[in-house]
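Asks: just need the structure, nothing else, for what follows:
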Amino acid sequence: MGNKALEGIGITADLPYKWVVESVTPEKLSLSPGESGAFRVGMMIPATQGSGNAEIGISAGNAEVQSQTLTIPVKVTANVNFALIIIGCVVAVGFATLIYFRKHGRR
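Replies: Okay, here's the model as predicted:
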């Protein structure tokens, strides 16, 4: 919300290791005096990322000016489906073992 028109404003992101920015909408932004704007950022967090808290740093600017870095806390949670798949596999192996020993008996 300044008093000067700005052209070609883009963002830069400081992300944790292996995190990737997939999309930024819009890629560049032009603002008139007193106007504000917003970026929508899509990012990919690798499946190997453990649950916990992380921080990303975002700044915006062009060739003339650069904003201060905004630090955004991010909470990463594990996918519940992963636990259900593991439990399902354990149950399936248990049933297979039970059926095998019923059919062939212990030796």
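
Asks: next, count neighbours for the residue lying closest to P33 once chain neighbours are set aside.
Replies: Distances taken as C-beta to C-beta, 6 or more residues apart in numbering put N3 closest to P33, at 5.1 Å, once the chain neighbours are dropped. (Each C-beta comes from the backbone N, C-alpha and C, glycine too.) Here the neighbour count serves as a burial measure; for N3 (other C-beta atoms under 10 Å) it reads 6.

Asks: N3 touches E35, doesn't it?
Replies: No - if you go by C-beta atoms under 8 Å, N3 and E35 don't touch, sitting 10.9 Å apart.

Asks: can you count the residues close to I58?
Replies: Summarising burial for I58: neighbours were counted as other C-beta under 10 Å, giving 17.

Asks: hmm, back to that, state the distance from the residue nearest to P33 to L31.
Replies: 11 Å (C-beta to C-beta, to the nearest Å).

Asks: quick one: contacts for the residue positioned nearest the centre of the chain?
Replies: Most central residue of the chain, judged by C-alpha distance to the mean C-alpha position with C-alpha atoms, centre = their mean, is I45 at 3.9 Å. I45 is in contact with W19, V76, counting by C-beta atoms under 8 Å, 6 or more residues apart in numbering.

Asks: ok, the one 4 residues further on next?
Replies: Contact criterion C-beta under 8 Å, 6+ apart gives P16, K18, W19, V76 as the residues in contact with Q49.

Asks: so it, which of the three states?
Replies: In terms of secondary structure, Q49 is coil; the call rests on DSSP: H, G, I helix; E, B strand; the rest coil.

Asks: what about the helices in this protein?
Replies: Secondary structure of the chain, counting by DSSP state H: helices at 80-104.

Asks: and the strands in it?
Replies: Ranges of strands within the chain are 6-14, 20-25, 29-31, 40-44, 52-61, 70-76, based on DSSP state E.

Asks: out of those, which gets nearest to F95?
Replies: Using C-beta to C-beta as the measure, strand 70-76 is the one of the strands of the chain that comes nearest F95, at 34.0 Å.

Asks: off-centre distance for the closest one?
Replies: Its chain's C-alpha centre lies 10 Å from the corresponding centre of strand 70-76 when counted by C-alpha atoms, centre = their mean, to the nearest Å.
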